[in-house]
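K.L.:
Sequence first, then the predicted structure, then my questions.
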Amino acid sequence: MPASCGCSGWGPPVPELPEVETVARDLRGLILGATIVGARVSWPRTVRTHAPELFGEAVAGHRVVDVGRRAKLIVVHLSGDAVLTIHLKMTGQLFVVPAGAPEDPYVRLVLELDNGREIHFRDIRKFGRVGLYQADGTPFAAFGPEPLDPAFTLRAFRKLIRRRKARLKPLLVDQAFLAGVGNIYADEALWAARLHPLRSAASLHPPDERRLYLELRRVLAEAVARRGSSIDDYTAPEGIYQRTGEPCPRCGRPIRRVVIGARSTHFCSWCQRLPSRDRAGAAAILRGIVPRDGVAPGRRGTRWTELAGKAAIGLSADEAARAVERERAGRTRRAAATRRARARAAVGG
């Protein structure tokens, strides 16, 4: 199978800033300088900006000048002042393969290059989107500042957060507030800063603001250095994401989980105290804590690194090998289930 990139919860999570940054950096090395000569679209809604039959004509002839990231978008800068944006969403993956390579049924869009290669956009759930814009018409204005931008100073963060009264977890994952932060890194930064996810931004004191700013940037920078969280092992050796019921690495009390705005949120109720002024409004949400002790019931959805494709851009060699092995095991289980169903049907007949 070709090269990829992708993410948790009950179903795959959307890749966040570090994962998308990793994919963009890897993709850059594979396609920089190539010219797009055509496109094939098999799922029309994948293309955000053009009718499928017009997209190939619009993108053809543009040379790849650079590849970067804005928020959770991969941004391919093209000649002619054009910009191609790729939003992976839950299950989007990118592969760069030789022209004519077999396409699996989940490939929604193919970009043909002049060097005999193709970019395949694979997306099981069909939520991913690709758009082609002129540089002055990109959708970037809707995003807040980049948290790792050198220009995003503590002073800039304070100016930004002091305008807001929302609770911290929903605020941090609001892309109009800060670009690229999602469920995983919001939880980790809040835990590291000892701030409760339901605490209001208006209740923060200057030392709280400083801790949150520093920890958010540290967590994101560390994850970028690790080539993204991999979801599986980001929390080792310290961290709380998806560790419900396990001991807090700092105090040893159980990590708890609560759903805030349809997002699974992890925290330590001892290390991350909720001020009394915020408790009344948070009471209804906190009654939904699962569990108070022990391990949370339920199932874990497929993680982005488990989506399969040993050549997926953004995966390490170990991650790709594990994904392929999981895919092979899944096929074996499905085949066995089919045989059992047929045997039962034959007996019943």
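P.N.:
Structure's in. What do you need? Numbering: from 1, shown residues only.
K.L.:
A341 versus V347, what's the distance?
P.N.:
Distance, V347 to A341, by C-beta to C-beta, to the nearest Å: 11 Å. In this view, the C-beta of every residue, glycine as well, is placed from N, C-alpha and C.
K.L.:
between those two, who's got more neighbours?
P.N.:
A341 (10 against 7; other C-beta atoms under 10 Å).
K.L.:
Do you know the pLDDT at that one?
P.N.:
Looking at A341, its pLDDT reads 70.
K.L.:
likewise K72?
P.N.:
So K72 comes in at 96 (pLDDT).
K.L.:
wait, doesn't it sit right on E16?
P.N.:
Yes. K72 lies in contact with E16 (C-beta atoms under 8 Å); the separation is 6.5 Å.
K.L.:
Now for the two: what residues contact both?
P.N.:
180, 182 (C-beta atoms under 8 Å, 6 or more residues apart in numbering).
K.L.:
Surely D66 is within a helix?
P.N.:
No. Secondary structure of D66 (DSSP: H, G, I helix; E, B strand; the rest coil): strand, not part of a helix.
K.L.:
Can you verify I119 is assigned to a strand?
P.N.:
Yes. Applying three-state DSSP, one finds I119 inside a strand.
K.L.:
and the spatially closest residue to it that is not a sequence neighbour, what does it touch?
P.N.:
In space, and not counting its chain neighbours, I119 is closest to L111: 4.2 Å by C-beta to C-beta, 6 or more residues apart in numbering. Shown in contact with L111 (C-beta under 8 Å, 6+ apart): 36, 38-39, 59, 118-119, 121.
K.L.:
in the stretch 1-150 of the chain, which ranges drop under the pLDDT threshold?
P.N.:
Counting by pLDDT under 70, the stretch 1-150 of the chain shows low-confidence ranges at 1-13.
K.L.:
Which parts of the stretch 151-300 of the chain are helices?
P.N.:
154-161, 168-172, 183-192, 206-225, 276-286 (DSSP state H, counting those that start in this stretch).
K.L.:
Please work out the average pLDDT along the shortest one.
P.N.:
Which is helix 168-172. pLDDT averaged over helix 168-172 gives 96.
K.L.:
Only C-alpha atoms, please: export it in PDB.
P.N.:
Extracted in PDB, the C-alpha atoms of helix 168-172 (Å, rounded to 0.1, in the frame of the first residue of the first chain):
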ATOM      1  CA  LEU A 168     -11.400  26.800  29.600                       C
ATOM      2  CA  LYS A 169     -11.900  23.400  27.800                       C
ATOM      3  CA  PRO A 170     -14.400  24.700  25.200                       C
ATOM      4  CA  LEU A 171     -12.400  27.900  24.800                       C
ATOM      5  CA  LEU A 172      -9.100  26.100  24.100                       C
END
